[in-house]
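# Need the 3D shape of this:
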Amino acid sequence: MAGASACRDEVFEGASFTLCDVSRGEDLRLFLNGPDGPYGSFAAVNRALEAEGKTLAFAMNAGMYHRDLSPVGLFIAEGHEQAPLITRAGPGNFGLLPNGVFCWGKDGFRVIESRSFRDNRPTCRWATQSGPMLLLNGALHPKLLPDSDSLYVRNGVGVPADGSRAVFAISNEAVNFHLFARLFRDHLGLSDALYFDGSISRLYSPALGRSDLGFPMGPIVGAVIPKG
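Next comes the predicted model:
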């Protein structure tokens, strides 16, 4: 069960990362809008969960968003599509194809390249689109450069081929895309991984005494557990 041991700090190639695991069957959700508009913060999500007697075990930002906090690409919550899939190339990291979709439901977790998702759309109870893909079937995104000097705090998610778990990662220092992608492949042994964002990346982990502050967020992903 997601809980006190869900998040941990590890070092890969001299850089520090926080990693959080969720297994198939655990209560992982996406959060975007409440009755008064976008949640925007971990605290607002926790307040909403109080009505269920539940709380966040951990959470992080889960994809890029517009100024009004609406998702840039596909967003599905509890089986309802709230924003459409985008498959065209475009500016910024989101449009650096291939990008992808993090999708999950009763069959487990998947990170799927966006055009493959369009052509053979799976059933997702929850889904968020972002980009670029970091790993695709074990291969690094071809445009990630090992000597890039574009350094940011970054976060994303990776999955194994069997979809049994999802591993969320956030760097605790500025790193480039290539190192971040290799974390998922070489350190965690995962087959597919998706970038969520950089510079605004934030984590909530009460077990680690951590609740990062910053500007309001759009999509948030979090593992939910009973409160108390």
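
# CA only for contacts and neighbour counts going forward, please
OK.

# Please report how far the closest residue to Gly138 other than its chain neighbours lies from Pro38.
Using CA to CA, 6 or more residues apart in numbering and skipping residues adjacent in sequence, the residue nearest Gly138 is Ser191, 4.4 Å away. Distance, Ser191 to Pro38, by CA to CA, to the nearest Å: 33 Å.

# Which one of these two is surrounded by more residues?
Of the pair Ser191 and Pro38, Ser191 is the one with more neighbours under other CA atoms under 10 Å, namely 22 against 19.

# pretty sure that one contacts Gly158?
Yes. Because the distance of 7.4 Å satisfies CA atoms under 8 Å, Ser191 is recorded as touching Gly158.

# For those two, list the residues in contact with both.
Taking CA atoms under 8 Å, 6 or more residues apart in numbering as the contact definition, Ser191 and Gly158 share the neighbouring residues Phe184.

# any low-confidence regions in the chain?
Scanning the chain for pLDDT under 70 picks out the ranges 1-5.

# Longest helix in it, by number of residues?
Counting by DSSP state H, the longest helix found in the chain is helix 42-49.

# residues in contact with that one?
By CA under 8 Å, 6+ apart, the surrounding residues in contact with helix 42-49 are Phe31, Gly34, Tyr39, Lys54, Thr55, Leu56, Ala59, Tyr204, Ser211, Ile220.

# swap in stretch 72-81?
29-31, 63-66, 82-86, 101, 124-130.
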